[in-house]
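Trainee: sequence and predicted structure, then a few things I'm wondering about:
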Amino acid sequence: MKYLSFFIPKTLWGQLVSLLLLALVVSQSIALFIFFDAKRLYQNNISQEELVKRVVTTVKLLKHSPRDVAKQIFREANTRSVKIRFAKRPALGKDDKPEYSLSLQQKIIKALPEKNRQVIVVSKGSKKGVFSRDSLPYNILISVKVTPRIWLITNFTRPKIPMNWIGPLMLTLVLMIVSIIFIVSLVVRRVTKPLAALAGAAKQLGHGVDVGDLEEMGTQDVRNVTRSFNKMNFKIKRFVDDRTKMLAAISHDLRTPITTLRLRAEFIEDKEMQSKILETLDEMQVMTEATLKFAKDSNIKEKAKEIDLESLFEALAEEYQYMGKLVSLKEDLSRKQIILPLQVQAMKRAIRNIIDNGIKYGEQVDIDFLLNASNQQVEIYFRDQGRGIDPDEFENVFEPFFRLEKSRNRDTGGVGLGMSISRNIIRAHGGDVLLKNIHQDNKVSGLEVKVVLPL
């Protein structure tokens, strides 16, 4: 079954055309089979009537004609399938179909003027029809006694059914096939055009592109699907916008109470307590500003652009190298050019967050990427030389405001939004971020951040 699936067309056009052509070939084959058998039976009946008529006519002519005219009568009566001659003895042999021979014998005797003439019929090579029991034998030997010592022998060989009708039939079949392919192509194009637009819009939506409302066209079923897609797209955008606006509003509104608390903290006489409270307020201020910036950046409607990944990573690596950071792109001459539709500024921010974390905790970041054609995706790797992360904390790293206590402490800076923002941006492009510790000599020698983006 697995091997048969290789020959089954994958497209709607291919499947429809294949099914229709298969139905056409099967139906035409059955019809041809029935027609051929019916034509053969009809031809046999005609041949039998002509044979009886020819035998009776020849006997009558010989009766009323001089003997020297017999050869001329034979020449006129003989055909490709009928040969008539005189013989001293009747033609005998094994009869393959005695019932048919008896029936033919009775018809000949009935048609002859003299009912007492001796008639012997021998049938050979009997073959039944497909849908009927009656069929003309391949060879019939009819012996009619014309004088006491002379027999009229008629040797009948069943003629082949002419096959000149196959040419027009094949031409008709070819014209039907061409017509079916043409009509199905028009219909399938009309059906699949809105489906292709819907698939493209869904893919772009997965890449974070604002596709807007699709035009409802095609059949009613396709229109219903398009209408549902437009509603879903609107609800998703409204949900994301409402959540971002609410987050921005909360962060903005927190500025006033934080400022008020900072002013009141100035009146605390206990300097140690005052210092701790101010430190907490500073941290809240940083978190609020970071959240507000994230909300503002998320609210920017950036259009996706086609960009070469190698050029993007080379530019980012040079940018960090100019600042004295150890960031490099692995050279690979066999690497194929990969161009993806990306929101460039948003993707740069996501990549910078990953690289910044690698530099802070691993001092050096190596970038590599490759095309995974089988999965229709691009895999990007960021490898640092830090102490890695506990696998149980992999998912927690992407939680907003989460900071690891052991390997990544607060003294290094940041509020814990970097990786969360990066994953949100990458997932908005239809991809994902995965973490993995790098092991060397049974020890953790760094962290690998794998970014997967669809083609």
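Mentor: Yep, that arrived. Residues are numbered from 1 along each chain as shown.
Trainee: F369 falls within a strand, correct?
Mentor: Yes: the assignment for F369 is a strand, going by DSSP: H, G, I helix; E, B strand; the rest coil.
Trainee: find the nearest non-adjacent residue to it, please.
Mentor: Spatial nearest neighbour of F369, chain neighbours left out: I380 (4.3 Å); criterion: C-beta to C-beta, 6 or more residues apart in numbering. Heads up, the C-betas are built off the backbone N, CA and C, glycines and all.
Trainee: ok, now Q321?
Mentor: Leaving aside its sequence neighbours, Q321 sits nearest to V327 (C-beta to C-beta, 6+ apart; 6.3 Å).
Trainee: okay, and the beta partners of that neighbour?
Mentor: With beta bridges defined as DSSP bridges, V327 has these partners: V365.
Trainee: secondary structure element for K110?
Mentor: In this assignment (DSSP states H and E), K110 forms part of helix 98-111.
Trainee: which other residues reach that helix?
Mentor: Applying C-beta atoms under 8 Å, 6 or more residues apart in numbering, the contact partners of helix 98-111 are 48, 51-53, 55-56, 95, 115, 117, 119-123, 126, 134, 137, 140, 142, 144.
Trainee: can you give me the mean pLDDT across it?
Mentor: Helix 98-111 carries an average pLDDT of 85.
Trainee: can you list the strands that whatever helix or strand comes next after it pairs with?
Mentor: Next helix or strand after helix 98-111 toward the C-terminus (DSSP H and E): strand 119-124. Strand 119-124 has the following strand partners under DSSP bridges: strand 139-145 (antiparallel).
Trainee: would you put the C-alpha positions of the strand it pairs with in CSV?
Mentor: The C-alpha atoms that make up strand 139-145 are tabulated as CSV, following Å, rounded to 0.1, in the frame of the first residue of the first chain:
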residue,chain,number,x,y,z
ASN,A,139,-16.0,-24.3,-39.4
ILE,A,140,-19.1,-26.0,-40.8
LEU,A,141,-19.2,-28.8,-43.3
ILE,A,142,-22.6,-29.2,-45.1
SER,A,143,-23.1,-32.2,-47.4
VAL,A,144,-26.2,-32.3,-49.6
LYS,A,145,-26.9,-35.3,-51.8
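Trainee: any idea of the angle that strand forms with helix 98-111?
Mentor: Computed by axes from the mean of the first three to the mean of the last three C-alpha atoms, to 10 degrees, the angle separating strand 139-145 from helix 98-111 equals 40 degrees.
Trainee: what helix or strand is the residue nearest to F369 located in?
Mentor: If you go by DSSP H and E, I380 is part of strand 377-384.
Trainee: could you do A91 as well?
Mentor: Using DSSP H and E, A91 is not contained in any helix or strand.
Trainee: so what's the residue count around the closest residue to it other than its chain neighbours?
Mentor: In this structure, A91 finds its nearest non-sequential neighbour in L141, 4.0 Å apart by C-beta to C-beta, 6+ apart. Residues near L141, counting by other C-beta atoms under 10 Å, number 20.
Trainee: cool, Q28 as well?
Mentor: Close neighbours of Q28, defined as other C-beta under 10 Å, add up to 15.
Trainee: excluding chain neighbours, give the residue nearest to it in space.
Mentor: Counting by C-beta to C-beta, 6+ apart, the nearest residue to Q28 once its immediate chain neighbours are dropped is L173, at 6.1 Å.
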